[in-house]
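J.: pasting the sequence and the predicted coordinates here, then a few questions.
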Amino acid sequence: MTTDRFDLDHFLAIPRLSGLRLSPAGDRIAVSVAGVAPDGRKMRSAIWDIDPNGRRAPRRLTHSGPGESNAAFARDGSLLFTSTRPDPDRSPEDKPDSEPAALWALPAAGGEAVLLVAPGGGVASFRAAGAADTLAFMAPVHPGTADFAADAEREAARARAGVSAQLYEDYPIRFWDHYVGPREDHLFLLDLRPTADGGRQAAIDLTPDAGTALHETAFDVLPDGSGVVTGWTRWPDLVHPTQDIVVIDAATLGRRDLTSDGAWYHHPRVAPDGRWVVAIRDEQPDPEMAFDSTLWLIDLSSGVGRDLTPELDLLPAHPQWSADGSRVVFTADRLGHHAVLQVVVARGEVSVLAAEGAWSDVCLTPDGAHIYAIRSSYAAPPEVVHLALADSRPADLPRVIPSPVPPVDELRLPGSPERITTTLPDGTSIGSWLITPRTATPDAPAPIVLWIHGGPLSSWNAWHWRWNPHLLVDRGYAVVLPDPGLSTGYGLDFMRRGWGRWGEEPYTDLMAVMDDVVTRPEIDATRTAAMGGSFGGYMANWVAGHTDRFQAIVTHASLWGMRGFHGTTDWGSTMESEFGDPYLHPERWDVASPDAHVAAIRTPMLVIHGELDHRVPISEGLRLWTDLARHGVDAKFLYFPDENHWVLKPANARLWYETVLAYLDHNVLGRPWVKPALL
């Protein structure tokens, strides 16, 4: 892959790592590795085996055409994964129109993968018990069906009748890129031990009355396999849904609440000894105050809970227990990174284990002395890393473990990321990443692009496959990636800085960063652009209506009219916690709505939207495009009929970047407009 360029071909060829899992013995690592499929139309993943010691070369374990993902280990070391590969024992006449994701197992001793369970709606996620040959999995089924056979018959009956209609009686009705239903998510328990005749045990439906309670929830299985602990969503009204943590007993199907105070609890994890549950607790926000978040420790037998991290000024994510139950390791956005932290349960003492980079899929070894994880940054794509601990503290710098990802020096990134800080007159610091082409000098300064992150509760801190600044840097642009007010990782007060005031501090923070960065001699202050997606697209639209300082603006999946957005987005009512009731207080929505400033827009704009986007519906892009045309703004509209909030298909991603770069070259550099060949 060695090259002097970091263009789209080389970018798309980089293997993409995700879902790292460590075996129970700590001697094997499984990781999903995705790449562009041979037909170039989609991404395809496989499971690879990585040597934790780095001595053995990485080895691909699965090879089917459809690909495999979601690797995990059973107690006996078998590798579990999901795949849409066909069941080899199914008769040809029973072949479905499309294969759902089934759950498979690859024995630890080797051999062929065996099919464990294949519900008609597919396996959405699963968790293996730590001390039993049991796993729990989530799968969508038609309500009221007794088993997977009845579910399949209900689906077949709808298909035979040509029925695709749905009747909704609950909220929400759609999510990100799909409409909810007609199946509903249920949790099942599966005994992995074969029956006396060598067959498979039937899965037990633990939640036959789930309704929408399990939609987009996380769960864990009790170590002895006797039940599950899961999030359980309730809708007392459309504005203030709550999610509790419940425990469900497999023998009785009894459900017991572990929380019930009106907060939002999620991502429960059961301690290895089965005595405790740790979960993330978010307070319910309101227009006057953003939410706080903490780790919550719950006694599983009594349901009594306490704040495990009362002094934490960050948003915790992905908690994991150490094998001895003495510590909880978690991640959090922190000062422009996604760090690894831990809390000692007995003392509530929080410390940072890894401060730099963006860490995910963190796994502690059984002895608690090592961490394996996936780490990325703006200097490197995701890679497998090892961190040794001494007395629960870092003993050395993280070490990269060989994986299918080529070494960073072979990628020849066109610029080095630099962490910068802009200090405002009131003393507030705004952190940003700045990547400048290596070729930029005071005699040949680089044009600069302001790239605004989505969220809005987010932070620029990780390598991005969708928003990759190096592709712009390779083209000669400097890119600045600021974390303005509302961004995470700088304390709750900073996050609250723009709460309900999207057009105020976030906007002025962004402009202050631009004022600062263009003073650098290697940056050309006369050639600038701004771009962003989702909330970043909202801010791009807001920027367009409030300043003429940029030569071009690119806005992807962007909010345009706030009150219309409230009624069409997939979960718009929850935005009332930030902006209030739009029927009683429309002024809070109107003052933050970019469409009110369309008459002031003079900057050329590229509007990009996907038809299947339910988070920011296509109506926002259509209204924006119409309003720009109506007011004579020089604009273009790039439309993807088969994409959602993101642009995921490789060919479409290529067209996205080609169009964006051509648009920037034309408006910022003054080059002739050259439409991509396939458009």
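T.: Structure received. Owing to the predicted nature of the structure, the values given are computational and were not obtained by experimental measurement. Numbers count the residues shown, from 1 in each chain.
J.: pLDDT (mean, whole number) over stretch 63-74?
T.: Mean per-residue pLDDT for stretch 63-74: 94.
J.: where do the helices of the chain begin and end?
T.: Assigned by DSSP state H, the helices in the chain fall at 8-13, 148-161, 408-411, 470-474, 492-495, 505-517, 535-544, 562-568, 576-579, 586-590, 618-630, 650-668.
J.: deepest in the core, which of these is it.
T.: Among the helices of the chain, helix 535-544 has the highest mean neighbour count (mean count of other CB atoms under 10 Å), at a mean of 27. Heads up, the C-betas are built off the backbone N, CA and C, glycines and all.
J.: which strands and helices sit next to the helix or strand of the chain with the lowest mean pLDDT?
T.: One helix or strand of the chain scores below all others by mean pLDDT, DSSP states H and E: helix 408-411, with a mean of 86. Here helix 408-411 touches strand 380-390, going by 3 or more CB pairs under 8 Å, 6 or more residues apart in numbering; DSSP states H and E.
J.: so for the strand it packs on, what gets flagged as buried?
T.: Within strand 380-390, the residues that count as buried by 16 or more other CB atoms under 10 Å are 380, 381, 382, 383, 384, 385, 386, 387, 389.
J.: for those residues, work out which two are farthest apart.
T.: 381 and 389 (25.2 Å; CB to CB).
J.: and residue 521, how many neighbours?
T.: When neighbours are defined as other CB atoms under 10 Å, residue 521 has 10 of them.
J.: got it, and the one 4 residues further on?
T.: Per other CB under 10 Å, the neighbour tally for residue 525 reads 15.
J.: chain neighbours aside, what residue packs nearest to it?
T.: residue 518 (3.7 Å; CB to CB, 6 or more residues apart in numbering).
J.: likewise residue 195?
T.: Here the residue nearest residue 195, using CB to CB, 6+ apart, is residue 201, at 6.1 Å.
J.: from what I see, that neighbour and residue 225 are in contact.
T.: No. With contact defined as CB atoms under 8 Å, residue 201 does not count as touching residue 225 (11.6 Å).
J.: which of the two has more residues huddled nearby?
T.: Ranked by neighbour count (other CB under 10 Å), residue 201 and residue 225 place residue 225 first, with 22 against 16.
J.: tell me who's in contact with the more buried one.
T.: 129, 131, 132, 133, 134, 189, 191, 250 (CB atoms under 8 Å, 6 or more residues apart in numbering).
J.: kindly report the same for residue 590.
T.: By CB under 8 Å, 6+ apart, the residues touching residue 590 are 562, 563, 596.
J.: let's see that with 7 Å instead.
T.: Residue 590 makes contacts with 563, 596, as judged by CB atoms under 7 Å, 6 or more residues apart in numbering.
J.: same question, the one 3 residues further on
T.: By CB under 7 Å, 6+ apart, the residues touching residue 593 are 561, 562, 563.
J.: now with 8 Å?
T.: Residue 593 touches 560, 561, 562, 563, counting by CB under 8 Å, 6+ apart.
J.: and if you look at residue 469?
T.: Neighbour list for residue 469: 378, 433, 435, 449, 451, 479, 481 [criterion: CB under 8 Å, 6+ apart].
J.: could you measure from the fifth one over to residue 131?
T.: Residue 451 sits 47 Å away from residue 131, taking CB to CB, to the nearest Å as the criterion.
J.: more neighbours: which of these two?
T.: Ranked by neighbour count (other CB under 10 Å), residue 451 and residue 131 place residue 451 first, with 27 against 14.
J.: the more buried one reaches residue 466, doesn't it?
T.: No. Judged on CB under 8 Å, residue 451 makes no contact with residue 466 at a distance of 11.6 Å.
J.: any idea of the pLDDT on the residue nearest to residue 525?
T.: pLDDT for residue 518: 98.
J.: please apply the same query to residue 95.
T.: 57.
J.: what's the answer for residue 90, then?
T.: Per-residue confidence (pLDDT) for residue 90: 59.
J.: quick one: average pLDDT of stretch 135-143?
T.: Stretch 135-143 shows a mean pLDDT of 97.
J.: in it, what's buried?
T.: Quick answer for stretch 135-143 (16+ other CB under 10 Å): 135, 136, 137, 138, 139, 140, 141, 142.
J.: nearest residue to the fourth one other than its sequence neighbours?
T.: What it means is residue 138. In space, and not counting its chain neighbours, residue 138 is closest to residue 124: 4.5 Å by CB to CB, 6+ apart.
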